[in-house]
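Participant: Following is a predicted model, sequence given first.
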Number of protein chains: 2
Amino acid sequence: MRVLGVDPGLTRCGLGVVDGRAGRRARLVAVDVVRTPADAGLEMRLLAVAEVIEAWLDRHAPDVLAVERVFSQQNVRTVMGTAQVSGVALLAAARRGVPVALHTPSEVKAAVTGDGRAGKEQVAAMVTRILDLPATPRPADASDALALAVCHLWRGSAPTAVAGHSGAPTAAQSAWAQAVAATRRR
Amino acid sequence: MRVLGVDPGLTRCGLGVVDGRAGRRARLVAVDVVRTPADAGLEMRLLAVAEVIEAWLDRHAPDVLAVERVFSQQNVRTVMGTAQVSGVALLAAARRGVPVALHTPSEVKAAVTGDGRAGKEQVAAMVTRILDLPATPRPADASDALALAVCHLWRGSAPTAVAGHSGAPTAAQSAWAQAVAATRRR
C-alpha cells in the first residue's frame, strides 16, 4: 500500500509518500515541503500548493491520501490557512477517486512513537528510524507528513475494535503489534 | 461590474451573483444555496460544493469572487468546514484568473445596513430592499451571499482613504454615499 501524507500549511506544506503494509518495513518513496510566500495573495498561495499536491497524486499514484485533522484550538493566526490547504488537498484526492483518511496529531504521535503527546523531535527521530533514513527530514513539516503516512499504514491495517469482543488478537493486530515492536527495538 | 458572493459552508453554502456599480442600483442575477449531506465523506462534500462554484464561475463569468473572511473565533464545530469550502472557492477563482476579495462579516453588515453589528434578519431585509426582490431570499446563507456581493460592489467602488488628505469627497465617494442613502430612503 502506498500512502501520500499531507501536513497542510500555507507557509510550509509537508508531503511524504511511503510504501508499506502491516508487519513489513515501511519504505520512503518521496518527501518534500511546498513553500508559498506570505506576501502573495491567498488564492495564489492555495493554487501553488494545490498544483504540487495534484502533481504528486498523479506522479506517485497513492492508494490513500492521509491528511492531518485540523483543530481550531490551534494557533488562530495559522489555522484558517491550514484548513484551507487541507480542503484543497481533499478536493484533489476526491477528483482522482483517491480515498482519504484524517488522523489527529495525537493519533499520529501515538502510532509512530507510542506516546500521543510526543514532541516534534521524537516524531522526527522515530520517522528517521522507521524509514531507515540517513538523516532526519527537515523541516518538521517533512517528517510530520511522513509520520502521517506511516500512521495510516499501521493504523489503517489494524482492524477496528469490535465492542464486546475481547478474544485473542487477530492476525492483522498481531502483525501491527510486531511491526511497532520491531521498530522500537532498532 | 458583476460579483459572485460566496458564503462558505459545508452543510449550506450560499451563492449570489449581483450586477452593479457605485451610484447605480444593484441587480440580482442569480442566487442559490448548495447543500451537502452531513453523512457524506468530507472530501465528497468539498467536491460537490466545488463543482457548483466552478459551474457558477463559468456560467456567470463574474469580475470578482467575494468570500466571507473566516475567523476561528466562530463555532468550533463548523469553522473548519467553512474554511475548507472557502479554500476550495478561492482555488476555483484562482484557476480561472478571477480576482478574489475577502470581507469580514462586520464589513458586510456595515456596508449593507450601516451597522457592523446588525442581525441576520436586518441584513436579509436590506438585501431584499437593495435588490428590489419580491421576497427575502431564504435560508440566511442565500441573503448573506448576496450581501457579500453588494458589499463588494459598494466597498470595492469606494476609494481607499488617503492618510492626511481630508478634502472634498471624490466623485466616487459621493456616488457611493448617494447609493447608500438612496437605498435607506426606500
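Facilitator: Alright, I've got the coordinates. Please read all numbers here as calculations on a predicted model, not as lab measurements.

Participant: Residue A:45 and residue A:10 touch, don't they?
Facilitator: Yes - A contact is recorded between residue A:45 and residue A:10 when judged using Cβ atoms under 8 Å, the distance being 5.3 Å. For the C-beta atoms, the positions are set from N, CA and C on the backbone; glycine is no exception.

Participant: Could you name every residue contacting both of the two?
Facilitator: Taking Cβ atoms under 8 Å, 6 or more residues apart in numbering or on different chains as the criterion, residue A:45 and residue A:10 both touch A:36, A:81.

Participant: Enumerate the residues of chain A near chain B.
Facilitator: Proximity of chain A to chain B is assessed by Cβ under 8 Å from any Cβ of the partner chain, with A:41-44, A:46-47, A:50, A:70-73, A:76, A:79-80, A:83-88, A:90-91, A:93-95, A:100, A:102 identified as the residues in range.

Participant: To what extent is residue A:124 buried, counted in neighbours?
Facilitator: 22 (other Cβ atoms under 10 Å in any protein chain shown).

Participant: Same check on residue A:116?
Facilitator: 13.

Participant: cool, residue A:101 as well?
Facilitator: Using other Cβ under 10 Å, residue A:101 has 18 neighbouring residues.

Participant: Please determine how far the nearest residue to it once chain neighbours are set aside is located from chain B.
Facilitator: The spatial neighbour of residue A:101 that comes closest, neighbours along the chain excluded (Cβ to Cβ, 6 or more residues apart in numbering or on different chains), is residue A:66 at 4.8 Å. Shown here: residue A:66 relative to chain B, a distance of 12 Å by Cβ to the nearest Cβ, to the nearest Å.

Participant: Could you spell out the sheet neighbours of the helix or strand residue A:66 falls within, each with its direction?
Facilitator: Taking DSSP states H and E as the criterion, the element that holds residue A:66 is strand A:64-68. Here strand A:64-68 has these sheet partners by DSSP bridges: strand A:2-7 (parallel), strand A:100-103 (parallel).

Participant: Highest mean neighbour count out of the ones you listed?
Facilitator: For the strands paired with strand A:64-68, the largest average neighbour count (mean count of other Cβ atoms under 10 Å in any protein chain shown) is found in strand A:2-7, namely a mean of 27.

Participant: if we can go back for a sec, weed out the non-buried ones from the residues of chain A next to chain B.
Facilitator: When the residues of chain A next to chain B are checked for burial by 16 or more other Cβ atoms under 10 Å in any protein chain shown, the buried set is A:42-43, A:46-47, A:50, A:70, A:72, A:79-80, A:83-88, A:90-91, A:93-94, A:100, A:102.
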